[in-house]
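> Sequence and predicted model, in that order:
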Amino acid sequence: MDLARYVVDAVVLEGRSYREVARAHGVSKSWVGKLVGRFRSGGYGAIEPRSRAAKTIPHRTPDRLEDEIVALRKELVELGVDAGAATIAYHLSKRHDQVPSVSTIWRVLRRRGFVVPQPHKRPRSSWIRFEATLPNECWQSDVTHWHLADGTEIEICNFVDDHSRLAVASAVMSTATAPKVLEVFRQAGARWGLPAALLTDNGCVYTTWHRGGPNVMQTELLALGIEYRHSRPYHPQTCGKVERFHQTLKLWLAKQPGAGSIGELQGQVDRFVAYYNDIRPHRAVGRRPPRAAFEARDKARPSGPRIRVGAGVRVRRDRIDKNGKVTLRYRTRLHHIGVGHAHKGKRVTLLVHGLDVRVISLDGELLRHLTLDPTRDYQPQAS
């Protein structure tokens, strides 16, 4: 028997006073009086413990709005596009003047069973992020794989603006080659303007520095004054923005009917790019569509030296070391070329044609021009 029933029985059955019972059990006389009053109006059931939860919650999300959140979630998932709380909040804002916060939408999705918390995941705050300040300050590019309906493997080449996340190009091709990727780049540049820099991985369609000379993409970038950057091997996070675009594109393609040809798949990709650029809110750019972020600021332009590379010219990127030297391998032998302590730390381009070597800074200054002496390891500066 619980304390409430003891108190009621002591007063009602034994005839003891409220004060005496309250003193004996260490409770207030008013509480004893409330229990007895509830008993006399409703019996023992009326003195059972009552919930202290509020009977009404003025700011609770209405069931109608919760149902709309769930319907939006299902609709976006069915389309194969992002369906997170931030995206749902964006679409709700197009329908209503006042919408729940992103955290409230997330709680609704969790309560309805659409979201499973993953506390083991690495928090976003632990990542070191880089973002270009202006549109066209830097583009990222990469090639990813997909399959047609009959299992034929094809490749999709994507270019994404680092600042706005705008998909400036997404082209389907049977096999990505350097000339094809270059043509996609030229078409994107004609439509959106040329970037000041291009960031890629070390795929051979982009770079062949490790093979001793430039390919058509690198030659074009040098001629246009566009800085070329590449990630270090086995570190895809450097090109994380275009990698994330691959993921978003593939999620959408997986929801579409299998394409029977490259042309049909290109049509699906084009429809997605139109949705991605003009409708889909992007969390990284203030939940605006990428095109809105791209058009909100002035555009960067190529600012590097325009270097024409002729046939037979080998191109090498390097940084002048703390001793004012760069290195160059000629016929398996490594040579050190003195440039000067005043230039230590500078990034340079070496143009090598036979024994003729030019060392050029990124702003186009010719730092040294020499004829390599293959019999000497160190090539000193002229006195």
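It's in.
> Could I get the full set of strands for the stretch 151-300 of the chain?
Counting by DSSP state E, counting those that start in this stretch, the stretch 151-300 of the chain has strands at residues 153-161, 167-173, 197-200, 227-230.
> Please identify the buried residues of the longest one?
Of all the residues in strand 153-161, those buried under the rule 16 or more other C-beta atoms under 10 Å are 154-161. Glycine gets a C-beta too; all of them are placed from N, C-alpha and C.
> I'd guessed A284 sits against R165; true?
Yes: using C-beta atoms under 8 Å, A284 makes contact with R165 at a distance of 6.0 Å.
> out of the buried residues of strand 153-161, who's nearest N136?
Nearest to N136 among those, counting by C-beta to C-beta, is D161 at 6.6 Å.
> where does that closest one land on pLDDT?
D161 carries a pLDDT value of 97.
> Can you name the residues that contact it?
132, 135-136, 138-139, 168, 192, 195, 290, 294 (C-beta atoms under 8 Å, 6 or more residues apart in numbering).
> how much space between it and P290?
Per C-beta to C-beta, to the nearest Å, D161 is found 7 Å from P290.
> For this protein, give me the ranges with low pLDDT.
Applying pLDDT under 70 to the chain picks out residues 1, 54-58, 117-129, 209-214, 232-237, 311, 383.
> residue ranges for the helices of it, please.
In the chain, the helices defined using DSSP state H lie at 3-12, 18-25, 29-42, 63-79, 85-93, 102-111, 178-192, 216-224, 240-254, 262-278, 290-295.
> Walk me through the domains of the protein.
By the assignment in automatic domain parsing, the chain contains the domains 3-47, 63-117, 139-295, 314-379.
> what about these, which gets the closest to R308?
R308 lies closest to domain 139-295 among the domains of the chain, at 5.8 Å (C-beta to C-beta).
> And stretch 250-261, what's buried?
By neighbour count with 16+ other C-beta under 10 Å, stretch 250-261 contains the buried residues 251-253, 256, 259.
> wait, I meant stretch 356-369
357-361, 367-368.
> Turn those into CSV, columns for distance to G33.
What follows is the buried residues of stretch 356-369, written out as CSV (distance: C-beta to C-beta, whole Å):
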residue, distance to G33
V357, 102
R358, 101
V359, 97
I360, 96
S361, 92
L367, 97
R368, 101
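> ok, of those residues, which one's closest to D150?
Nearest member of those to D150, counting by C-beta to C-beta, is I360, at 49.7 Å.
> Quick check: end-to-end length of stretch 350-363?
13 Å (C-alpha to C-alpha, to the nearest Å).
> Just checking the distance from that stretch to the centre of its chain.
Here the centre of stretch 350-363 is set off from its chain's centre by 37 Å, with C-alpha atoms, centre = their mean, to the nearest Å.
> Correct me if wrong: G340 contacts G324.
Yes: counting by C-beta under 8 Å, G340 does reach G324; the two are 4.9 Å apart.
> Among the two, which residue is more densely surrounded?
Legend: neighbour count by other C-beta atoms under 10 Å for G340 and G324, higher for G324 (17 against 13).
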